[in-house]
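S.K.: I'll drop the sequence and a predicted model, then ask my questions.
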Amino acid sequence: MGGWIGAMLVVLAVVAAGAYLAHKAAHPGTLETADMPATPASVSASATTSLIQHPITQADAPAGASTTPLPALDDSDASVAAALAALAGGGDLRALLLPQQVITRIVATIDTLPRHALGTLMLPLRTPNGRFATTEIDGQTVISSQNAARYAPYMQIVDSVDPKALVAWYVHAYPLFQEAYRQLGYPKGYFNDRLIVVIDNLLATPTLAQPAALTQSGPFHVYADPALASLSAGQRLLLRVGPVNEAKLKAKLRLIRAQLTAQALPAARLSAKTVE
């Protein structure tokens, strides 16, 4: 997450953590530390054999990026955790980070965000404290503004991360991410391409002028507007963190995307396409 968690990983992991809470509420009894998900059955052949769209060599990483030899993926937890903690600056990432299979958890969680339904998750961060709260406005049930406070420790990390330093670390550690992605079930896939898809999907999350109405579905709340209910899991989770946090996360993601591709992308050009 240095280039992934620092601004990218923490950003997406924060969203993923919120997503997990929604998933756990809808699926009582699921475990936080689930087994590694199997190869996604819905992945098309073209998705695993297409040409690389965003080679990591094009990332705008500083010339002085680290050249320290990388550990094996299975032995990388300690060094990755230390690097991420340093990138987090003033945020207490060590208190939130799950220390085992760090990169594998990051890759698995990121991969699931653009889908509509969440599969088995291996979260890299501990989930936010507190419970999902609603309130009534003009006779409609909406998400309470109090929910945003649950993400304060995560947002402190997001605010502290330097996108350039984050991407520099990610570029250096990229072989570990690529290996984890292949082990996830994409032997011919390219993780950085998937990362850009995830970022674009999150950036395409609609900005709501007012809190969206919720409706009851059994014991759970879902969006009353079918257009919002059909958003990807990552987009629905991004809406959950509150408009101020959402704006900060999107701004950081745009900076990270620009560093990863060495090309800024206007918000109007971002694709809202969801990968199932």
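M.R.: Received the coordinates, thanks. Residues are numbered from 1 along each chain as shown.
S.K.: For Pro175, give its distance to Ala59.
M.R.: 14 Å (CB to CB, to the nearest Å). Backbone N, C-alpha and C define where each C-beta goes, glycine included.
S.K.: likewise Ala204?
M.R.: Ala204 sits 22 Å away from Ala59, taking CB to CB as the criterion.
S.K.: And for Arg254?
M.R.: For Arg254, the distance to Ala59 - CB to CB - is 15 Å.
S.K.: Thr141 belongs to a helix?
M.R.: No: according to DSSP: H, G, I helix; E, B strand; the rest coil, Thr141 belongs to no helix; its state is strand.
S.K.: residues near it, how many?
M.R.: Using other CB atoms under 10 Å, Thr141 is surrounded by 16 other residues.
S.K.: Secondary structure element holding Met155?
M.R.: Per DSSP states H and E: Met155 is located in helix 152-160.
S.K.: Actually, Ile256.
M.R.: Residue-wise, Ile256 maps onto helix 243-261 under DSSP H and E.
S.K.: next one: Leu237
M.R.: Short version, using DSSP H and E: Leu237 is in helix 233-240.
S.K.: hang on, the earlier thing: mind checking which of Pro175 and Ala59 has more residues around it?
M.R.: Between Pro175 and Ala59, counted using other CB under 10 Å, the more crowded position is Ala59 (19 against 11).
S.K.: quick one, what contacts the more buried one?
M.R.: Counting by CB atoms under 8 Å, 6 or more residues apart in numbering, Ala59 makes contact with Gly3, Val167, Tyr170, Val171, Asn192, Gln259, Leu260, Thr261, Ala262.
S.K.: I'd like these as CSV, with neighbour count appended.
M.R.: Shown next, in CSV, are those (neighbours: other CB atoms under 10 Å):
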residue, neighbour count
Gly3, 32
Val167, 29
Tyr170, 31
Val171, 21
Asn192, 23
Gln259, 25
Leu260, 26
Thr261, 18
Ala262, 13
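S.K.: which among those gets closest to Ala152?
M.R.: Gly3 (23.8 Å; CB to CB).
S.K.: lowest-confidence helix or strand of this structure?
M.R.: Between all helices and strands in the chain, the lowest mean by mean pLDDT, DSSP states H and E belongs to helix 45-49, at a mean of 41.
S.K.: confidence score at Ser144?
M.R.: In this model, Ser144 is scored at 89, pLDDT.
S.K.: likewise the one 4 residues further on?
M.R.: Ala148 carries a pLDDT score of 84 in this model.
S.K.: tilt between the longest helix anywhere in the chain and helix 243-261?
M.R.: Secondary structure assigned by DSSP state H gives helix 163-184 as the longest helix of the chain. Calculated by axes from the mean of the first three to the mean of the last three CA atoms, to 10 degrees, helix 163-184 forms an angle of 80 degrees with helix 243-261.
S.K.: hmm, back to that, quick check: which helices or strands does the helix holding Leu237 pack against?
M.R.: Packing partners of helix 233-240 (3 or more CB pairs under 8 Å, 6 or more residues apart in numbering; DSSP states H and E): helix 9-26, helix 191-203, helix 243-261.
S.K.: What average pLDDT does it get?
M.R.: 86.
S.K.: Kindly export it (C-alpha atoms) in CSV.
M.R.: Presented in CSV, the C-alpha positions along helix 233-240 are these (Å, rounded to 0.1, in the frame of the first residue of the first chain):
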residue,chain,number,x,y,z
ALA,A,233,-19.7,-3.1,-4.1
GLY,A,234,-16.9,-0.6,-4.0
GLN,A,235,-19.0,2.3,-5.1
ARG,A,236,-21.8,1.5,-2.6
LEU,A,237,-19.1,1.4,0.1
LEU,A,238,-17.6,4.6,-0.9
LEU,A,239,-21.0,6.3,-0.5
ARG,A,240,-21.2,4.8,3.0
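S.K.: Reduced to three states, what does Leu208 come out as?
M.R.: Assignment for Leu208 (three-state DSSP): coil.
S.K.: that older thread, the inter-axis angle of the helix holding Leu237 versus helix 243-261?
M.R.: Going by the same axes, to 10 degrees, helix 233-240 makes 140 degrees with helix 243-261.
S.K.: List the buried residues for helix 233-240?
M.R.: For helix 233-240, the neighbour count (16 or more other CB atoms under 10 Å) marks Ala233, Gly234, Gln235, Arg236, Leu237, Leu238, Leu239, Arg240 as buried.
S.K.: No further questions, thank you.
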